[in-house]
Each structure stands twice: as C-alpha cells, then as structure tokens.
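Q: Need coordinates for the following:
(one chain, ligands or ions: 2)
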Amino acid sequence: MINETLTPDSPATEATAPLPRLRIRGVGRDFQTKAGVTRAVSNVDLDIERGEFVALIGRSGCGKTTLLRMIGGLLAPSAGTIEVDGRHLWRDDRVEHSAVARLGFVFQESNLFPWFSVLDNIALPLKLRGVGKAERRARATELAELVGLAGFEKSYPRELSGGMRQRAAIARSLSTEPDLLLMDEPFGALDALTRERMNLELQRIVLQTRSTVVFVTHDIPEAVFLADRVVHMTPRPGRIRQILSVPDAKPRDIELQTTPGFNEIVRNLRHDLDEEE
Ligand SMILES: Nc1ncnc2c1ncn2[C@@H]1O[C@H](COP(=O)(O)OP(=O)(O)OP(=O)(O)O)[C@@H](O)[C@H]1O
Ligand SMILES: [Mg+2]
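A: Ligands and ions are numbered 1, 2, ... in the order given. Here you go, the predicted model:
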C-alpha cells in the first residue's frame, strides 16, 4: 500500500501535495498621484485552496478592490507574485491570458448590457469565446435556473429587481466555469432581506459548482456567514492584519447567525476594526 509508506515529511508527499488555487506572495501596489505615492497594498501573502471561500474585509480605502483587481488580471502589481494553479498571472506588467481565462469577476454593480436579454447577457462570455449558439443558449438556460431566474430568460435588465440583476451577473460570471470567482461587494446595493437570500443562494451555487471564491464585503456578519476564512485588511498601507477561520460546516443555515460562536467571531472582528484609528 503506497499510502502507508508515505509520511507527511516524505518528499513524495510534498511532490504530490495539491497546489493552492491562488498563491499570493509579497504583493504590493503603489499609485503615483499628484500628492505623491499612495501605497494601496503592501506585502500581502495569502494562499487560497481549491473550493475555499475567502472573505476580504476592512475599512474603506484599505486596498481590497486593488488586491482583487490584481488577482483578476486587471491591474499589475508593483511588487510580488500571484500564481493561479502554479502559473504566474503576471509577467512584469503583462497578464498571462491563459490564467485569466479561468477567472470570473462580479462587481458591485451588475454591469449587465441593457440591450441584451437575461439569457444573452449570461451567454455573452461564451459567445466571445466562439461557443455555438445552441450550446451557449442551453448552458445559459441552465445557469438562469441555477440562480433562480428561470422564466426571466427573455426579460431585459431594466425589468429585473436589483437582486435579480446581481443573480444574472453571477450566472454570467459562472458561464465560463471559472476556477476562481472574484466578487467585489456584489450585494452592497441590496436591502437586508434580499441580501440574506442572496447569501444563501450564493452559498448553494458555490457548493454546487465547487468554486473557489474571493469575496469583498463591508458587512462583517455576511463575511463570517459565507467564508471559510475571513481576511482582515488595514489601510495605509493596505496589508493583512489577521486571518480568522470560521469552523462551521457547510451548507450553513441562516440560524447560525444567532449562535454564540458566530456572534463571538463577529464581535471580535468588529472590535478589531473599531480599534483602527
Ligand atoms: N487608480 C488609482 N489611482 C490612485 N490611487 C488609487 C487608485 N485606486 C485606488 N487608489 C488608492 O488606493 C487605496 C486603496 O483603494 P481601494 O479602492 O483598493 O480600497 P477599498 O478597500 O476597495 O475601499 P472601499 O471599501 O471604499 O471600496 C486608496 O487610498 C485609494 O485612494
Ligand atoms: Mg473597493
């Protein structure tokens, strides 16, 4: 039995250890402004495993979006390296397209095209990749159902509620079956009840698609409810202050939010955020 001959320290184990989906090492980003240099992100080290859900929290201006944009291939780091599945995402200022092709991005605003139906919006990334009409419509129909938009495929974005538009945007980001889903305050504009429902929907979708997620939010209970780990960043320069694991098994029930364990994690994070400045 090969497995029995392996110990945790043996080279064979090391050689077969799975790569993290995302490996971030010493990543920083400066911006030149009239007032001088802003160090938006400094010296960030973080590994994210396959299937892991990581929430990024921190005060406004602490570098969450900047970090997400670097991971998403939208902004080159000034320092450090980012690897997706062991492949460098950036070579100097040039992004490695094969690595970006495996990413999905959801922004605060749903950014749907107003002149396209829900189905065409969801299918657009597939169209851009040259997937044939029948196949992309079939896939988009499945995704509309997955996010609870069955029956709204022919609707236009203006005919949907904010939560429905965000679900369409999530479906669109899933259309290419991304290995890594990057979400920047996707539910920031929603009312509390819709947001709670969206958290449950997102949890279900992510578990079903086994996606790895980096999720930026200002909402601490939302971060703790959704995440396997919560990364707390502090500003000037933006860096990681602490990383907290949330041990509760998934899928999680909304009732979790009333338990003492959950509330203690939320309280501790809130206390640490309040301590800044
Ligand atoms: N393009 C840019 N040019 C100059 N400065 C920038 C640029 N983008 C971000 N910054 C600065 O970098 C810092 C981090 O900004 P970032 O948008 O990453 O913060 P954030 O944590 O996402 O904030 P929020 O919670 O408000 O969205 C801020 O001080 C911001 O002013
Ligand atoms: Mg931001």
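Q: So residue 196 belongs to a strand, correct?
A: No - going by DSSP: H, G, I helix; E, B strand; the rest coil, the assignment for residue 196 is helix, not a strand.
Q: and the gap between the closest residue in space to it that isn't next to it in sequence and residue 261?
A: Leaving aside its chain neighbours, residue 196 sits nearest to residue 254 (6.3 Å; criterion: Cβ to Cβ, 6 or more residues apart in numbering). Every residue, glycine included, has its C-beta placed from N, CA and C. According to Cβ to Cβ, to the nearest Å, residue 254 and residue 261 sit 15 Å apart.
Q: same check, this time on residue 274
A: For residue 274 relative to residue 261 (Cβ to Cβ), the value is 21 Å.
Q: Just to be sure, residue 152 is in a strand?
A: No - looking at residue 152 with three-state DSSP, it is coil, so not inside a strand.
Q: so who does it touch?
A: Counting by Cβ atoms under 8 Å, 6 or more residues apart in numbering, residue 152 touches 118, 144, 159, 160, 164.
Q: Strands of the stretch 1-150 of the chain, start to end?
A: For the stretch 1-150 of the chain, the strands defined by DSSP state E, counting those that start in this stretch cover 22-33, 36-48, 53-57, 79-84, 87-88, 90-91, 94-95, 103-106.
Q: Can you name every helix or strand that the fourth one contacts?
A: Under the contact definition 3 or more Cβ pairs under 8 Å, 6 or more residues apart in numbering; DSSP states H and E, strand 79-84 sits against strand 22-33, strand 36-48.
Q: buried set for it?
A: 80, 82, 83, 84 (16 or more other Cβ atoms under 10 Å).
Q: Show the average pLDDT along it.
A: Averaging pLDDT along strand 79-84 yields 96.
Q: So what touches that strand?
A: 19, 21-29, 43-44, 70-71, 88-90, 99, 102-103, 179-180.
Q: coming back round to it: can I assume the residue nearest to residue 196 is in contact with residue 197?
A: No - contact criterion Cβ atoms under 8 Å: residue 254 and residue 197 do not qualify, at 9.1 Å.
Q: Tell me the residues of this structure that contact ligand 1?
A: Proximity of the chain to ligand 1, by Cβ under 6 Å from any ligand atom, involves residues 31, 33, 38, 40, 58, 60-66, 238.
Q: Please tell me how far residue 198 sits from residue 59.
A: For residue 198, the distance to residue 59 (Cβ to Cβ) stands at 23 Å.
Q: between those two, which one's more packed in?
A: Neighbour totals were compared for residue 198 and residue 59, and residue 198 leads with 21 against 17 (other Cβ atoms under 10 Å).
Q: OK, contacts around the more buried one?
A: Taking Cβ under 8 Å, 6+ apart as the contact definition, residue 198 lies against 163, 166, 167, 186, 187, 190.
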